[in-house]
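**Q** Any chance you can model this:
(one chain, ligands or ions: 1)
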Amino acid sequence: MEQREAIGNYIKTRTELLQALSLNIEQGNDERELKKFKEVVGFIDQVLQIIESLPCDREVVFLDCSCGKSYLSFVMNDYFRRHLTINAFFYGVDTNEILVEKCNSIRDILGYDNMHFISSRIIDVQLDKPVDLVIALHACDIATDETIAKGIKLDAKYIIVVPCCENQIRNRLKSGHPLVDLTDFGLLRYRFADILTEALRAQFLSGAGYIVKLVEVTSPKYTPKNLMIIARKKKGISKFNMDKYEKLDEMFNTEFVLKDFFEKETF
Ligand SMILES: C[S@@+](CC[C@H](N)C(=O)[O-])C[C@H]1O[C@@H](n2cnc3c(N)ncnc32)[C@H](O)[C@@H]1O
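**A** Sure, this is the predicted structure:
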């Protein structure tokens with residue numbers, strides 16, 4: 001908690017950064033911006049806990065998927081530049097060209113030459129540097145799955161996502177699904193879909209050779225979308241084992257999208 005407070009207090013002093021991002025985080029102002037601030041602080045707190053384990057003799061490369069206005073990467077970069085000795089580079093990717101252009105111009109205003117924003121679908125993005133950490137904060141629906149798939153394909157050491165909408169499973173639970181009676185009630189359908197979706201993602205990462213941990217990125221009083229999946233690549237894993245993922249997928253007849261990003265022979 002102390003570290004979170006320190007990160008939050010530091011960010012509040014960074015007027016130039018907050019102005020460039022047009023982020024107003026004072027209590028009582030826009031609730032959405034305050035919520036984003038809390039999520040960003042919680043995210044950075046988790047990254048700081050693992051960053052020590054990464055090599056410090058070379059650049060550490062981040063890929064922020066569905067970066068949007070890139071609050072997360074800008075704030076993280078700003079914090080790292082002033083508090084850590086690591087040499088970090090940030091890629092941001094988003095399909096929204098206007099936002100990507102805006103991010104590149106904010107980068108120029110702040111003079112952060114270790115950031116580069118690209119307009120592309122996550123799964124298709126082409127990068128010059130090998131990536132260490134793939135991150136995503138509220139990448140909508142299957143954009144979170146693209147992030148996970150891209151991270152696995154890039155052989156990232158860490159894949160860290162805070163998902164938002166879980167529409168895939170929710171929509172399947174409505175239409176003639178054997179479990180539809182269980183989830184007849186809106187709120188239960190939402191909760192059930194959330195749990196099943198995140199369990200599938202966690203098992204997929206596990207099957208692809210990652211050690212997976214689930215934590216809360218911030219208090220649920222700020223957002224119900226506060227679940228964070230932290231996946232760390234195990235050493236020496238060359239083959240996937242998707243037994244648990246497949247069992248879950250079959251049991252609930254999910255037809256979940258994750259496998260579609262890989263060639264059939266991968267499994
Ligand atoms: C809810 S916003 C989150 C933005 C940012 N990460 C944040 O926390 O403020 C989701 C973003 O995902 C982008 N997006 C959706 N699908 C995408 C995809 N397949 N590839 C890249 N970007 C995508 C949208 O353009 C949008 O900017």
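**Q** alpha carbons only for contacts and neighbour counts from here, please
**A** Fine.
**Q** can you tell me if whichever strand or helix holds residue 92 touches the ligand.
**A** Using DSSP states H and E, residue 92 maps to strand 88-94. Yes - using CA under 6 Å from any ligand atom, strand 88-94 reaches the ligand at 93, 94.
**Q** Give the buried residues for the helix or strand following that strand.
**A** As assigned by DSSP H and E, the chain's next helix or strand after strand 88-94 is helix 97-110. For helix 97-110, a neighbour-count test (16 or more other CA atoms under 10 Å) marks 99, 100, 102, 103, 104, 106, 107 as buried.
**Q** Backbone dihedrals for residue 118, please?
**A** phi -130, psi 140 (degrees, to the nearest 10).
**Q** Count the neighbours of it for me.
**A** Each residue near residue 118 was counted by other CA atoms under 10 Å, and the total is 22.
**Q** all helices for the stretch 51-200 of the chain, in order.
**A** Residue ranges of the helices in the stretch 51-200 of the chain, as given by DSSP state H, counting those that start in this stretch, are 71-83, 97-110, 142-153, 167-174, 186-207.
**Q** unless I'm mixing things up, residue 106 is touching residue 18, no?
**A** No - the criterion here is CA atoms under 8 Å, and residue 106 misses it with residue 18 at 10.8 Å.
**Q** Can you dump the C-alpha atoms of the helix or strand encompassing residue 50 in PDB for me?
**A** Element membership of residue 50 [criterion: DSSP H and E] is helix 31-51. Only the C-alpha atoms of helix 31-51 are listed here, as PDB (Å, rounded to 0.1, in the frame of the first residue of the first chain):
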ATOM      1  CA  GLU A  31     -14.900  10.200 -11.700                       C
ATOM      2  CA  ARG A  32     -13.600   8.300 -14.800                       C
ATOM      3  CA  GLU A  33     -10.300  10.100 -14.700                       C
ATOM      4  CA  LEU A  34      -9.900   9.400 -11.000                       C
ATOM      5  CA  LYS A  35     -10.700   5.700 -11.600                       C
ATOM      6  CA  LYS A  36      -8.100   5.600 -14.500                       C
ATOM      7  CA  PHE A  37      -5.600   7.100 -12.100                       C
ATOM      8  CA  LYS A  38      -6.200   4.400  -9.500                       C
ATOM      9  CA  GLU A  39      -5.900   1.700 -12.100                       C
ATOM     10  CA  VAL A  40      -2.700   3.100 -13.500                       C
ATOM     11  CA  VAL A  41      -1.200   3.400 -10.000                       C
ATOM     12  CA  GLY A  42      -2.200  -0.200  -9.200                       C
ATOM     13  CA  PHE A  43      -0.700  -1.400 -12.500                       C
ATOM     14  CA  ILE A  44       2.600   0.300 -12.000                       C
ATOM     15  CA  ASP A  45       2.800  -1.000  -8.500                       C
ATOM     16  CA  GLN A  46       2.500  -4.600  -9.800                       C
ATOM     17  CA  VAL A  47       5.100  -4.000 -12.600                       C
ATOM     18  CA  LEU A  48       7.500  -2.500 -10.100                       C
ATOM     19  CA  GLN A  49       7.300  -5.800  -8.100                       C
ATOM     20  CA  ILE A  50       8.500  -7.800 -11.100                       C
ATOM     21  CA  ILE A  51      10.800  -5.400 -12.900                       C
END
